[in-house]
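**Student:** Structure of the sequence below:
(chains A and B)
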Amino acid sequence: NAGVTQTPKFRILKIGQSMTLQCTQDMNHNYMYWYRQDPGMGLKLIYYSVGAGITDKGEVPNGYNVSRSTTEDFPLRLELAAPSQTSVYFCASSYSEGLGGTDTQYFGPGTRLTVL
Amino acid sequence: QKEVEQNSGPLSVPEGAIASLNCTYSDRGSQSFFWYRQYSGKSPELIMFIYSNGDKEDGRFTAQLNKASQYVSLLIRDSQPSDSATYLCAVRTGGSYIPTFGRGTSLIVHP
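**Tutor:** Sure, this is the predicted structure:
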């Protein structure tokens, strides 16, 4: 199993440009997440999905959009990139046992994005 | 608002010592607690989870949970330079599918 894969690894965008960060998991996990991590900070949840066709906002959703058309894929779309979106983006997945469960999140390698 | 607090460190310990990492949380309804390790430039990986009061041991790692005092800690025995990393605490309430992460504590184990 490849686990959780993300592309690209690095990207530099100009202000106002758009891009899609790709995330794929091959573990048949029902839950998928997008986080951003700024230097010295923890993980901030952007969006998450509990299954194909179902997505919901996290803590910091402004400026981002997601879709989940399949179990495997959970792309993150940045529209009109801004310097404040410079960060490392992590995709994660888990198989949820239900509310308050102890399911493990598996993280992808991350995408380092710089907006200039 | 759910809060998870960690001392950002760095916590510096000599090789072979016990490293103690602490995490406090604000939501009394929290039920599941996780410790992730993150090496510089890498993604987080799970070390342990705990959901019952008391201690849980796995090799050199021990997680300790005290729900009455609302803290969870991670002890690393016989610390090695390879343990140098940032340790993230994550907490999930019973009413949520999503854990809340702390900022992480940087651990440095020096030879």
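
**Student:** from here on, contacts and neighbour counts on C-alpha atoms
**Tutor:** Fine.

**Student:** Provide the secondary structure category for B:S96.
**Tutor:** The local conformation at B:S96, judged by DSSP: H, G, I helix; E, B strand; the rest coil, is coil.

**Student:** How many neighbouring residues does it have?
**Tutor:** Applying other CA atoms under 10 Å in any protein chain shown, we find 15 residues neighbouring B:S96.

**Student:** same question, A:L76
**Tutor:** A count of nearby residues for A:L76, using other CA under 10 Å, gives 22.

**Student:** you'd agree it is up against A:S18?
**Tutor:** No - counting by CA atoms under 8 Å, A:L76 sits too far from A:S18 to count as a contact (10.8 Å).

**Student:** can you count the residues close to residue 87?
**Tutor:** I'll assume chain A. Counted with other CA under 10 Å, residues neighbouring A:S87 total 17.

**Student:** wrong one, chain B
**Tutor:** Each residue near B:Y87 was counted by other CA under 10 Å, and the total is 28.

**Student:** So what pairs up with the residue nearest to it when sequence neighbours are not counted in the strands?
**Tutor:** Spatially, and ignoring its direct neighbours in sequence, B:Y87 is nearest to B:R37 (4.6 Å; CA to CA, 6 or more residues apart in numbering or on different chains). B:R37 has these beta-bridge partners by DSSP bridges: B:E45, B:Y87.

**Student:** who touches B:R37 in this structure?
**Tutor:** When contacts are counted by CA atoms under 8 Å, 6 or more residues apart in numbering or on different chains, B:R37 is found next to B:P44, B:E45, B:L46, B:I47, B:A85, B:T86, B:Y87, B:L88.

**Student:** what do you get for A:Y89?
**Tutor:** Counted by CA under 8 Å, 6+ apart, A:Y89 has contacts A:W34, A:Y35, A:R36, A:Q37, A:G110, A:T111, A:R112, A:L113.

**Student:** Would you agree A:P109 is in contact with B:K42?
**Tutor:** Yes - in this structure, A:P109 is within contact of B:K42 by CA under 8 Å, at 6.4 Å.

**Student:** In contact with the spatially most central residue of chain A, which residues?
**Tutor:** Using CA atoms, centre = their mean, the residue of chain A that lies closest to the mean C-alpha position is A:W34, 2.4 Å off. With contacts defined as CA under 8 Å, 6+ apart, A:W34 is in contact with A:L45, A:I46, A:Y47, A:Y48, A:L76, A:Y89, A:F90, A:C91, A:A92.

**Student:** same deal with B:A17?
**Tutor:** Contacts of B:A17 by CA under 8 Å, 6+ apart are B:R77, B:D78, B:S79.

**Student:** which residue packs closest to the last one, ignoring adjacent ones?
**Tutor:** Computed as CA to CA, 6+ apart, the closest residue to B:S79 that is not its neighbour in sequence is B:G16, at 4.8 Å.

**Student:** Restrict stretch A:106-116 to CA atoms and write it as CSV.
**Tutor:** The C-alpha trace of stretch A:106-116 is given here as CSV (Å, rounded to 0.1, in the frame of the first residue of the first chain):
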residue,chain,number,x,y,z
TYR,A,106,-2.4,8.6,8.5
PHE,A,107,-0.7,11.6,7.0
GLY,A,108,0.6,12.2,3.5
PRO,A,109,4.1,13.7,3.0
GLY,A,110,2.8,17.2,2.6
THR,A,111,2.9,20.0,0.0
ARG,A,112,5.0,23.0,0.7
LEU,A,113,3.3,26.0,-0.9
THR,A,114,4.7,29.5,-1.2
VAL,A,115,2.6,32.4,-2.5
LEU,A,116,4.6,35.4,-3.7
